[in-house]
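[1] based on what follows, work out the 3D shape:
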Amino acid sequence: MEMHQVRYFLAVAQLLNFTRAAEECNVTQPSLTRAIKQLEAELGGDLFRRERPAAQLTELGQRMHPLLKQCYDAAIGARSLASSFRSGEIGALRIALTHSIDLALLIPHLNEIKRQFNRLEFRFLRGSGREVGDFLKKGEAELGIAAEIDEAWDRLDVWPLFTESFELVVGDGHRLAGRSSVELDDLRSELLLSRTFCEHARRISASLREHGIDIEQGHEVSNERDLIELVEAEMGIAMVPHTSPVPERLTRAAVTGLDARRTVNLYGVAGRQRTAVGNAVMRMLRGADWREIAG
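    Alright, predicted model coming up:
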């Protein structure tokens with residue numbers, strides 16, 4: 001079944017006249033009639049009763065009309081959408097982020113990108129470092145942002161964006177609240193909340209163990225919201241990256257003597273063609289000044 005056959009059928013069904021339908025489709029009447037006969041042969045029956053002065057839809061023609069119209073409209077819509085993507089009128093971006101990356105970091109840049117396209121469609125994927133690597137590998141995401149990807153694939157392009165430190169967060173009623181820095185010894189009697197969703201969770205835990213901090217007595221938390229609620233309820237304290245969103249009522253403090261940092265990277269796939277919006281976002285993120293955000 002060819003789209004021009006469907007178009008000719010719809011024209012005759014609307015005008016109920018083969019001659020006028022041929023004029024409407026800008027083809028000769030024999031060409032239109034031949035195409036409709038081919039369509040009838042494929043569908044196994046007559047679509048029109050060829051009567052004078054007007055053609056009439058047969059029972060088969062009446063049943064096929066809404067289906068063929070839906071098929072034709074979908075094809076036209078797909079062609080229009082493809083044309084808009086090619087011309088840059090519509091942009092689409094699939095970007096994968098690990099659970100520990102705050103989407104707010106991207107919002108100013110995405111707002112800037114929106115001005116370059118009449119219509120912009122985003123799809124955000126979340127996962128662990130390994131899952132972000134899989135999204136990229138399978139083509140489900142065009143770009144990825146993570147502190148670390150558990151993937152040794154040699155086609156991964158990596159561009160460091162910024163490096164930030166981890167800070168202590170405590171509730172407003174905690175004994176360490178209001179302090180800009182604390183000592184490692186201050187943490188020995190505390191219940192620490194482990195951010196198991198963070199790529200650097202194990203590294204932070206290992207570093208604390210090296211300093212004699214017993215993290216086995218803490219709670220494991222699988223998302224940022226739960227972590228904040230537990231800290232607010234003073235059911236523990238936590239180590240979080242500088243860019244993690246923390247309510248103002250909580251206190252952030254540097255931990256003297258603890259060298260805990262992470263580098264947030266932008267990932268892409270080498271050799272894979274990128275969309276116009278993907279290239280624009282990649283250039284913008286790589287060229288951004290992250291120093292103020294990263295502290």
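
[2] shaky segments in the stretch 101-250 of the chain?
    Where the stretch 101-250 of the chain drops to pLDDT under 70, the residues are 118, 151, 215-217.

[3] ranges for the helices of it?
    Along the stretch 101-250 of the chain, counting by DSSP state H, counting those that start in this stretch, helices occupy 107-114, 129-137, 201-210, 224-232.

[4] so of these, which one's packed in deepest?
    Most buried of the helices of the stretch 101-250 of the chain, by mean neighbour count (mean count of other CB atoms under 10 Å): helix 129-137, with a mean of 21. C-beta here means a position set from N, CA and C on the backbone, and glycine is covered the same way.

[5] quick one on the thing from earlier: ok, which of the helices of the stretch 101-250 of the chain comes nearest residue 168?
    helix 224-232 (10.1 Å; CB to CB).

[6] who are the packing partners of that closest one?
    Counting contacts by 3 or more CB pairs under 8 Å, 6 or more residues apart in numbering; DSSP states H and E, helix 224-232 packs against strand 192-195, strand 219-221, strand 237-241.

[7] mind putting those strands into a markdown table with distance to residue 293?
    Output for these, formatted as a markdown table (distance: least, CB to CB, whole Å):
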| stretch | distance to residue 293 |
| --- | --- |
| strand 192-195 | 19 |
| strand 219-221 | 24 |
| strand 237-241 | 11 |
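
[8] domain parsing for this structure?
    3-86, 89-162+263-287, 164-261 (the TED database).

[9] chain center to the longest one, what's the gap?
    Using CA atoms, centre = their mean, to the nearest Å, the mean C-alpha position of domain 89-162+263-287 is found 8 Å from that of the whole chain.

[10] so which of the helices and strands packed on helix 224-232 is the most surrounded?
    strand 237-241 (a mean of 25).

[11] so what are the sheet partners of that strand and their directions?
    According to DSSP bridges, strand 237-241 forms sheet pairs with strand 156-170 (antiparallel), strand 192-195 (parallel).

[12] and it, how far from the chain's centre?
    That offset, for strand 237-241, works out to 27 Å (CA atoms, centre = their mean).

[13] identify all contacting residues around that strand.
    With CB atoms under 8 Å, 6 or more residues apart in numbering as the test, strand 237-241 has contacts from 100, 147, 164-171, 174, 176, 187, 190-193, 195, 198, 204, 208, 221, 227, 230-231, 246, 255, 260, 262.

[14] what is the subsequent helix or strand relative to the strand or helix carrying residue 65?
    For residue 65, the host element (DSSP states H and E) is helix 59-87. Downstream of helix 59-87, the next assigned helix or strand under DSSP H and E is strand 90-98.

[15] could you dump that following strand to CSV, C-alpha only?
    Extracted in CSV, the C-alpha atoms of strand 90-98 (Å, rounded to 0.1, in the frame of the first residue of the first chain):
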residue,chain,number,x,y,z
ILE,A,90,12.1,21.3,17.2
GLY,A,91,14.9,20.1,19.5
ALA,A,92,14.9,17.0,21.6
LEU,A,93,17.4,15.9,24.3
ARG,A,94,17.6,12.7,26.3
ILE,A,95,19.9,13.2,29.3
ALA,A,96,20.8,10.8,32.0
LEU,A,97,21.8,11.9,35.5
THR,A,98,22.8,9.9,38.6
